[in-house]
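# need coordinates for the below:
(2 chains)
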Amino acid sequence: MNGRRKPWLLWAASALVYAFLYVPLVIVVVYSFNDSKLNAEWVGFTWHWYDVLFHDEQMLTAAWNSLLIALTSSAVATILGTMAGYAMYRYKLRLLPVLVLTPIAIPEILLGVSLLIFFVLLEVTLGMLSIVLSHIAFSVGFVAIVVRSRLSGMDESLTEAARDLGATQWQALRLITLPLIMPGIVAGALMAFTLSIDDFVITFFTAGVDSTTLPLQIYSMIKIAVTPEVNAVSTLLMLVTLVMIVIASRLSPGGLRGH
Amino acid sequence: MSTRVQKWILSGPPLLYLLVFFAVPVGIMVLASFRYAGEFGGLAPLFGTGDPDELTGLTLESYQRFFDDRIYLELFAKSFVYAVVTTVACLACAYPLSLMIARSPKKSRDLLVLLVILPFWSNFLIRVYAWMIILGPQSLFTRAFNGLTGAFGLEPMPLLFSPIAVLIGLVYVHLPFMVLPLYANLEKHDPALLDAAQDLGANAWQRFWRITFPLSLPGVYAGAALVFIPALGIFAIPDLLGGTDSMLIGNLVKQQFLDARDWPFGSVLSIVLTAAAILFAGLAAWFGRQKRT
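Got it, this is the predicted structure:
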């Protein structure tokens, strides 16, 4: 380090912070294989909690709901977000950037309660539909940001060359721009999917009584008691997220840091 | 196709969607904060039978209630203190880590940053749940902790459902928000400045406090805003890790909307909460800009 001595104190402190970040999650994973109802001491290895999990009707319904909601909302948010990102990159707009960025900047609870009032006043039954509509509202901005950052890294001369060679604007967009920004779009879609499947606060307010998602189900379970079944579902959820991140980072190395 | 038409085809649908499902709901909530509460919860209906004043009128009643009753202002102050303590604790944890990453060889930096973000991508509730296990009454950690304090003659104390548990949860969940802007700032520092200071006889302590730290202030302010805003409005962490005395402003908002069903008052609370958060973030951004020039 430029002749300075190794800052061992800095390294030790950092190692502690990394431990602080990882030890709790490791404990969740380890106890999901523990043959004891209490998350307290290691007793022995078992697959029992995964077995319980895969026979828990409520949990399976919640997982299925989460998947459906995440697929629909991320599909719509990707289309709207890509349009918004492209429009913000290409044209000077005043209102759109504000509407895209504010939902990200305000406390989540504000968006949750205002959507609750909105749906109840319009007499929309709270359930899958209201959850999907709300998830789209907060995901659009994230997709738009990822797509726009991908666009600003693009070589503008490629579309110009296509236009010079006689491509219509539509052809240039479809054959040149879209394929070039595709990694950004896919990364944005994965981000929207993850945000949706993870969301707790906004879903909490817009779900009503009959529909439940995985985070809502986990919340109501751990509110009552700690059970290793939650460890099992958490472990699986972490595994899914990890796979998604690996795919997303392969596609767009810069996209993750934008979040 | 003219540029104008293209512009509207592209920006129209997202614009419309966000107007309907973001701007209008927030507008309705602002309006709701000036309305009377309905007899059976929610809002007073605009049409129908009943007190004509309550049907069409607007009122400052809910705002008055907020500012008149000390309980609410105290709860606000308490949430503010929790958010500030969280921000400071996050800064204390994030600073050495960010500095270490920024001074690591270039090729390992991305990996070290990714290792900070990775836990943050697991579900928020899972991360809170992990602390319910660690701080639970029968856990190894609690027993070790109480054994240690017992050696000094202190009574064993429960860790879960306490303000300490809430603070640990808040710090754990928000830490990456502090690390990322801080690292982004520290990475850009010119090492030549530190070399120059060393040549001129500054020791490590002086080099840090007179060069690195002042230069990193924009990153500190950005991180503080990113931690403070979500920490101020949180309700799930006090719900799960806190005891009966750990209610924060977010819990009150939730209660007003889901249990008490007093929407006007709930709206006032969310508006004041958002205003406070934005004010703080604005101040932080302003301070950050002052330092940059």
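# mind checking how far stretch B:25-36 is from the chain centre?
Distance, stretch centre to chain centre, for stretch B:25-36: 24 Å (C-alpha atoms, centre = their mean, to the nearest Å).
# and stretch B:243-255, by the same measure?
Per C-alpha atoms, centre = their mean, the centroid offset for stretch B:243-255 relative to its chain is 15 Å.
# and if you look at stretch B:259-275?
So, by C-alpha atoms, centre = their mean, the centroid of stretch B:259-275 is 18 Å from its chain's centroid.
# pull the CA atoms of that stretch into PDB?
Only the C-alpha atoms of stretch B:259-275 are listed here, as PDB (Å, rounded to 0.1, in the frame of the first residue of the first chain):
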ATOM      1  CA  ASP B 259     -57.200  -1.900  12.900                       C
ATOM      2  CA  ALA B 260     -58.600   1.500  13.900                       C
ATOM      3  CA  ARG B 261     -59.600   2.200  10.300                       C
ATOM      4  CA  ASP B 262     -59.200   6.000  10.800                       C
ATOM      5  CA  TRP B 263     -58.100   6.800   7.300                       C
ATOM      6  CA  PRO B 264     -57.800  10.600   7.600                       C
ATOM      7  CA  PHE B 265     -55.600  10.300  10.600                       C
ATOM      8  CA  GLY B 266     -53.600   7.500   9.000                       C
ATOM      9  CA  SER B 267     -53.100   9.700   6.000                       C
ATOM     10  CA  VAL B 268     -51.900  12.600   8.100                       C
ATOM     11  CA  LEU B 269     -49.300  10.300   9.700                       C
ATOM     12  CA  SER B 270     -48.000   9.000   6.400                       C
ATOM     13  CA  ILE B 271     -47.800  12.500   5.000                       C
ATOM     14  CA  VAL B 272     -45.900  13.900   7.900                       C
ATOM     15  CA  LEU B 273     -43.700  10.800   7.900                       C
ATOM     16  CA  THR B 274     -42.900  11.200   4.200                       C
ATOM     17  CA  ALA B 275     -42.400  15.000   4.500                       C
END
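# in it, what counts as buried?
Within stretch B:259-275, the residues scored as buried using 16 or more other C-beta atoms under 10 Å in any protein chain shown are B:261-274. Every residue, glycine included, has its C-beta placed from N, CA and C.
# and those as JSON lines, adding secondary structure?
Below are the buried residues of stretch B:259-275 laid out as JSON lines (DSSP: H, G, I helix; E, B strand; the rest coil):
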{"residue": "B:261", "secondary structure": "coil"}
{"residue": "B:262", "secondary structure": "strand"}
{"residue": "B:263", "secondary structure": "helix"}
{"residue": "B:264", "secondary structure": "helix"}
{"residue": "B:265", "secondary structure": "helix"}
{"residue": "B:266", "secondary structure": "helix"}
{"residue": "B:267", "secondary structure": "helix"}
{"residue": "B:268", "secondary structure": "helix"}
{"residue": "B:269", "secondary structure": "helix"}
{"residue": "B:270", "secondary structure": "helix"}
{"residue": "B:271", "secondary structure": "helix"}
{"residue": "B:272", "secondary structure": "helix"}
{"residue": "B:273", "secondary structure": "helix"}
{"residue": "B:274", "secondary structure": "helix"}
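# near chain A, from the residues you listed?
Among the buried residues of stretch B:259-275, the residues within reach of chain A (C-beta under 8 Å from any C-beta of the partner chain) are B:263, B:266, B:267, B:270, B:271, B:273, B:274.
# so what's the residue count around the closest residue to residue A:21 other than its chain neighbours?
Distance criterion C-beta to C-beta, 6 or more residues apart in numbering or on different chains; nearest residue to residue A:21, sequence neighbours excluded, is residue B:119 at 4.9 Å. By the criterion of other C-beta atoms under 10 Å in any protein chain shown, residue B:119 has 21 neighbours.
# low-confidence bits of chain A, can you list those?
By pLDDT under 70, the low-scoring segments of chain A are A:1-6, A:251-259.
# same for the lengthiest helix in it, what does it pack against?
Longest helix in chain A by number of residues (criterion: DSSP state H): helix A:57-90. Using 3 or more C-beta pairs under 8 Å, 6 or more residues apart in numbering or on different chains; DSSP states H and E as the contact test, the elements touching helix A:57-90 are helix A:95-105, helix A:128-152, helix A:178-198, helix A:214-224, helix A:228-251, helix B:3-18.
# what mean pLDDT does the last one have?
Meaning helix B:3-18. On average, the pLDDT along helix B:3-18 is 86.
# for whatever helix or strand comes next after it, packing partners?
Using DSSP states H and E, the helix or strand that directly follows helix B:3-18 along the chain is helix B:24-32. Contact analysis of helix B:24-32 by 3+ C-beta pairs under 8 Å, 6+ apart lists helix A:108-121, helix B:263-292 as its packing neighbours.
# same list (these) but as JSON lines, adding distance to residue B:32.
Converted to JSON lines, the helices and strands packed on helix B:24-32 look like this (distance: least, C-beta to C-beta, whole Å):
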{"stretch": "helix A:108-121", "distance to residue B:32": "6"}
{"stretch": "helix B:263-292", "distance to residue B:32": "4"}
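# what parts of the stretch 51-200 of chain B come near chain A?
B:93-94, B:96-97, B:99-101, B:103, B:113-119, B:121-134, B:136, B:138-140, B:172, B:175, B:180, B:191, B:194-195, B:198.
# now the buried members of the residues you listed.
Using 16+ other C-beta under 10 Å, the buried members of those are B:93-94, B:96-97, B:99-101, B:103, B:113, B:116-119, B:121-134, B:136, B:139, B:172, B:175, B:180, B:194, B:198.
# so residue A:123, which of the three states?
Per three-state DSSP, residue A:123 ends up coil.
# where's residue B:156, which helix or strand?
Here residue B:156 is assigned to no helix or strand, by DSSP H and E.
# look up how far residue B:257 lies from the nearest residue to it once chain neighbours are set aside.
Once flanking residues are discounted, residue B:156 sits nearest to residue B:146: 3.9 Å by C-beta to C-beta, 6+ apart. Distance of residue B:146 to residue B:257, given as C-beta to C-beta, to the nearest Å: 39 Å.
# tell me how far residue A:165 lies from residue A:175.
Where residue A:175 is concerned, residue A:165 sits at a distance of 11 Å (C-beta to C-beta).
# between the two, who's got more neighbours?
The residue with more neighbours, out of residue A:165 and residue A:175, is residue A:175; 13 against 9, by other C-beta under 10 Å.
# so how far is stretch B:277-284 from its chain's centroid?
12 Å.
# what of stretch A:127-142?
The answer for stretch A:127-142 is 12 Å, by C-alpha atoms, centre = their mean.
# cool, stretch B:268-286 as well?
11 Å.
# what does that stretch contact?
The contact list for stretch B:268-286 (C-beta atoms under 8 Å, 6 or more residues apart in numbering or on different chains) reads A:105-107, A:109-110, A:113-114, B:29-30, B:33, B:62-63, B:65-66, B:72, B:76, B:80, B:221-222, B:224-225, B:228-229, B:232-233, B:249-250, B:252-253, B:256.
# next, residue B:154: phi, psi?
phi -90, psi 150 (degrees, to the nearest 10).
# kindly tell me how buried residue 69 is, as a neighbour count.
Reading this off chain A. 25.
# should've been chain B
Using other C-beta under 10 Å, residue B:69 is surrounded by 11 other residues.
# could you check how far it is from residue B:275?
Taking C-beta to C-beta, one finds residue B:69 at 18 Å from residue B:275.
# compare residue B:146 and residue B:257 and say which is more crowded by neighbours.
Neighbour comparison, residue B:146 and residue B:257: the larger count goes to residue B:257, with 25 against 17 (by other C-beta under 10 Å).
# surely the more buried one and residue A:115 touch.
No: the pair residue B:257 / residue A:115 is not scored as a contact, 11.0 Å apart, by C-beta atoms under 8 Å.
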